[in-house]
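Give the three-dimensional model of this entry:
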Amino acid sequence: MAKSGGKYVAAIDQGTTSTRAMIFDHDGRVVGSEQIEHRQIFPQPGWVEHDAAEIWVNTRRVAASALASADLKGADLAACGITNQRETTVIWDRGTGKPVHNAIVWQDTRTAELCNRLADGDVDRYRERTGLPLSTYFAGPKIAWLLENVEGLRARADAGELCFGTMDSWCAWNMTGGVDGGLHITDVTNASRTMLMDLTTLDWDQQICADMGIPMSLLPEIRSSSEVYGPLRQSGPAAGVPLAGILGDQQAATFGQACLSPGEAKNTYGTGNFLLLNTGTTPVFSDHGLLTTVCYKIGESAAHYALEGSIAVTGSLIQWLRDNLGLISAASEIEPLAASVDDNGGAYFVPAFSGLFAPRWRPDARGVIVGLTRYVNKGHLARAALEASAFQTREVIEAMQADSGVTLSTLKVDGGMVVNELLMQFQADVLGVPVVRPVVNETTALGAAYAAGLAVGYWDGEADIRNNWAQDKTWLPKMAADKRDDLYAQWNRAVEHSFDLN
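Okay, here's the model as predicted:
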């Protein structure tokens, strides 16, 4: 495709706690950015919701502000991409454009009973087709719950009046016109997280949809991750700019980290932790509790797949210490507080607020702090909270190595928590391998920008993406092997205490 005339590429990063717009130049450097947090709604224990209408307002605001911050106009953009919190589920009215219920967030556990009913004793009944176990994590059961529990919704869905989407679909529909011709689309990476898409055909599985009572008319059209879907709405600040890339946030970070060959992996430290290993154009199914997912699909090229280890609570544990306990007043305070002590004082924090995800998949688990004595102070608790992210990451990496046969030599990291040097050093120590942070830390938005820019010829291909990746800092392991193993054994004992508490 001929190169677009725009000098920059924009990305909307619709995350779990905030929505951000970022603008990148050809070297992958940030030239403009704006971010707004949205409300976290907790109607009951285990329930987590977002107001999708609030998020759409925030999306418009950050897009306009990011352009203004760089003194740019829509005409300066070659393309726009979207990346998003995956699995979070919203249903809206085609005619009015209004959500019929708050979005149900990926962390929400209300579908536990529904998932048990669908499993009928076999949580892996759909794994060969979808790569996923039956879990509250995924979007399909959330759709089924809404249709079963919101009055009148089933009839409206059957009549074709409603649209379902993960947050990429909600943003794309609104960004391309909404009720005035908006595109009802998703990409293969987000579709692969619904539990409704066949990994081989890359299309909706009619039998699974029937099992869950989901009418096909509710579902968006599945597209590749990088193609020109259509122009942005005429009333927006970037009118007519091609919307040309969609990737779920973890796949976008993998793309932004240039993990484009089989065997390359990254770990994102955000609300949760998500480690993805590119396995090439053939899906690899896990025997050790990992997910098989689509990594990306560029235009007409074959889809690439990934093994994924998903950890529900890492960065959100620091948010919890701030908002629920008042232990800190800002997330940035966690590192100096943790550094005020030399170790965890024997305390271990297992943050199973939404059960445990990979590799254990224990929905019955709940958060525990183990090893408390009179000696333990808030510094030890802060340190234990940070260490929990590193211990959970080691669990996932061990499962990934067992499934893939690939031994990890270096871990590429990104996300909000990687500015925490104490955590990064402990991660290297507990893994026994170097941990590498790139110059551009916000690789999620960058990956969505790359997908959009490739579709319009702004970047020529994978070589451009690889050439843009640059190392910022590397942490080398310093801990003795026997101490590393002892700490990890203590962590595993702590995890055992979190089971059967639901």
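
residue contacts, the residue in the chain sticking out farthest from the centre?
The C-alpha centroid of the chain is most remote from residue 374, which lies 38.2 Å away (Cα atoms, centre = their mean). Not one residue lies near residue 374 by Cβ atoms under 8 Å, 6 or more residues apart in numbering. (C-beta placed from N, C-alpha, C; glycine too.)

is it true that it lies in a strand?
No. Looking at residue 374 with DSSP: H, G, I helix; E, B strand; the rest coil, it is coil, so not inside a strand.

Skip the chain neighbours and tell me the closest residue to residue 217.
Leaving aside its sequence neighbours, residue 217 sits nearest to residue 160 (Cβ to Cβ, 6 or more residues apart in numbering; 4.4 Å).

where do the strands sit along the stretch 51-200 of the chain?
Counting by DSSP state E, counting those that start in this stretch, the stretch 51-200 of the chain has strands at residues 77-84, 90-93, 103-104, 162-165, 185-187, 197-198.

Poorly predicted segments of the stretch 301-450 of the chain, please.
The stretch 301-450 of the chain contains no residues with pLDDT under 70.

Give me the phi and psi for residue 372.
Residue 372 adopts backbone torsions of phi -70, psi 130, taken as degrees, to the nearest 10.

give me the beta-bridge partners of the nearest residue to residue 41 once chain neighbours are set aside?
When the adjacent residues along the chain are set aside, residue 41 lies closest to residue 49, with 4.1 Å between them (Cβ to Cβ, 6+ apart). Beta-bridge partners of residue 49, counted by DSSP bridges, are residue 41, residue 104.

Report the contact partners of residue 49.
Residue 49 makes contact with 41-43, 102-105, 108 under the criterion Cβ under 8 Å, 6+ apart.

ok, so of those residues, who is nearest residue 182?
Nearest to residue 182 among those is residue 103, at 17.1 Å by Cβ to Cβ.

Verify the contact between the closest one and residue 51 for me.
Yes. Counting by Cβ atoms under 8 Å, residue 51 is a contact partner of residue 103 at 7.4 Å.

Counting neighbours, go ahead and name the busier of those two.
Set side by side, residue 103 and residue 51 show more neighbours around residue 103, with 28 against 16, by other Cβ atoms under 10 Å.

Just the local confidence number for that one, please.
pLDDT recorded at residue 103 is 97.

What of the one 3 residues further on?
According to the per-residue confidence, residue 106 scores 92 in pLDDT.

and if you look at the one 10 residues further on?
The per-residue pLDDT reported for residue 116 equals 91.

and it, how far is that from residue 358?
According to Cβ to Cβ, to the nearest Å, residue 116 and residue 358 sit 19 Å apart.

Those two: who's more crowded?
residue 358 (26 against 13).

Can you list phi and psi of that one for me?
The phi and psi torsions at residue 358 (degrees, to the nearest 10) take the values phi -60, psi 150.

shouldn't the residue nearest to residue 217 be in contact with residue 216?
No. With contact defined as Cβ under 8 Å, residue 160 does not count as touching residue 216 (9.8 Å).

Could you dump the contacts of residue 49 into JSON lines with distance to residue 237 added?
JSON lines is the format used below for those (distance: Cβ to Cβ, whole Å):
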{"residue": "41", "distance to residue 237": "28"}
{"residue": "42", "distance to residue 237": "33"}
{"residue": "43", "distance to residue 237": "34"}
{"residue": "102", "distance to residue 237": "27"}
{"residue": "103", "distance to residue 237": "24"}
{"residue": "104", "distance to residue 237": "30"}
{"residue": "105", "distance to residue 237": "28"}
{"residue": "108", "distance to residue 237": "33"}
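
can you pick the most crowded of those?
Busiest of the contacts of residue 49 [other Cβ under 10 Å] is residue 103, holding 28 neighbours.

tell me which residues of stretch 251-262 are tucked away?
Using 16 or more other Cβ atoms under 10 Å as the test for burial, stretch 251-262 gives 251-260, 262.

next one: stretch 490-502
Under 16+ other Cβ under 10 Å, the buried positions of stretch 490-502 are 491, 494-495, 497-499.

Kindly report the same for stretch 476-483.
477, 479.

roughly how far out does that stretch sit from the chain middle?
In terms of Cα atoms, centre = their mean, to the nearest Å, the centre of stretch 476-483 is found 30 Å from the chain centre.

Then stretch 109-119?
22 Å.

can I have it written out in PDB, keeping just the CAs?
The C-alpha trace of stretch 109-119 is given here as PDB (Å, rounded to 0.1, in the frame of the first residue of the first chain):
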ATOM      1  CA  THR A 109     -16.300 -13.600  39.200                       C
ATOM      2  CA  ARG A 110     -20.100 -13.500  39.100                       C
ATOM      3  CA  THR A 111     -20.200 -16.200  36.300                       C
ATOM      4  CA  ALA A 112     -18.700 -18.900  38.500                       C
ATOM      5  CA  GLU A 113     -21.900 -20.900  38.900                       C
ATOM      6  CA  LEU A 114     -22.800 -20.500  35.200                       C
ATOM      7  CA  CYS A 115     -19.300 -21.700  34.200                       C
ATOM      8  CA  ASN A 116     -19.700 -24.800  36.500                       C
ATOM      9  CA  ARG A 117     -23.000 -25.500  34.800                       C
ATOM     10  CA  LEU A 118     -21.500 -25.200  31.300                       C
ATOM     11  CA  ALA A 119     -18.500 -27.400  32.300                       C
END
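
and it, which residues are buried?
Within stretch 109-119, the residues that qualify as buried are 109-112, 114-115, 118, counting by 16+ other Cβ under 10 Å.

Could you do stretch 69-77 as well?
70, 72, 74, 76-77.

among those, which one has the lowest pLDDT?
Among the buried residues of stretch 69-77, residue 74 has the lowest pLDDT, at 88.

So that one sits against residue 239, correct?
Yes. Using Cβ under 8 Å, residue 74 is in contact with residue 239, at 5.7 Å.

Quickly list what's touching both of the two.
Taking Cβ under 8 Å, 6+ apart as the criterion, residue 74 and residue 239 both touch residue 232.

Nice, that's everything, thank you.
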